[in-house]
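# My questions concern the predicted model and sequence given below.
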Amino acid sequence: MESARSLDVDFLILSDFAEVIGAKLYLQGGGWDVLTVVDPFPHSRNIGVAVGIAAPWSDTNRRFELSLRVLSEERQIDLMAAQGQMETGRPAGIPAGAKQLIMVALNGPVTFEESGEYVVMVSIDGEEVRRRPFRVVTPPGAGPVVRASA
């Protein structure tokens with residue numbers, strides 16, 4: 001299989017919700033890299049991930065395997081994962097050699113067991129092409145937040 005190096009991740013945005021409709025990206029609460037958790041752990045929350053991939057002219061009309069993973073950076077545990085195929089064509093009238101933007105949105109629940117460092121990872125054809133780190137924190141002075149046992 002050919003390398004995915006020619007595909008460029010133009011953007012990778014964390015949000016509360018992401019959606020692609022009619023080749024337009026819609027975000028709610030987008031662009032964060034810190035989540036503040038005031039509820040006891042484990043803490044479940046829906047998150048959105050938006051990815052824009054620039055496909056060069058030579059890679060249009062070809063299929064690629066895309067993988068998105070949200071994982072604990074320290075333990076490398078998957079908290080959310082999705083994979084699928086992507087492909088873009090060449091619209092009528094586009095200038096020869098122009099890049100095409102492929103946008104993907106992923107939404108789902110993630111359960112954080114503790115505060116700490118996390119990462120969203122994008123792979124194309126099995127090759128990691130971009131990482132976006134983020135942190136889950138408790139408010140200053142709150143101390144560790146743990147769920148009481150029954």
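Received it, and whenever you're ready, just let me know what you need.
# which residues touch the spatially most central residue of the chain?
Using CA atoms, centre = their mean, the residue of the chain that lies closest to the mean C-alpha position is Val49, 3.8 Å off. Applying CB atoms under 8 Å, 6 or more residues apart in numbering, one finds that Val49 lies in contact with Leu12, Ile13, Leu14, Ser15, Ala18, Leu68, Val70, Ala105, Leu106, Asn107, Val120. The C-beta positions use only the backbone N, C-alpha and C, and glycine is treated the same way.
# was I right about the fourth one contacting Trp32?
So the one you mean is Ser15. Yes. With contacts counted by CB atoms under 8 Å, Ser15 reaches Trp32, the gap being 7.3 Å.
# Neighbour count for those two, which is higher?
Counted by other CB atoms under 10 Å, Ser15 and Trp32 do not tie: Ser15 has more neighbours, with 20 against 14.
# Checking my notes, Ser58 in a helix, right?
Yes. Per DSSP: H, G, I helix; E, B strand; the rest coil, Ser58 lies within a helix segment.
# how about the nearest residue to it, chain neighbours excluded?
Ser6 (6.8 Å; CB to CB, 6 or more residues apart in numbering).
# This structure: strands as residue ranges?
Along the chain, the stretches classed as strands by DSSP state E are 8-15, 17-21, 24-28, 34-36, 43-55, 64-72, 78-86, 100-112, 116-124, 127-137.
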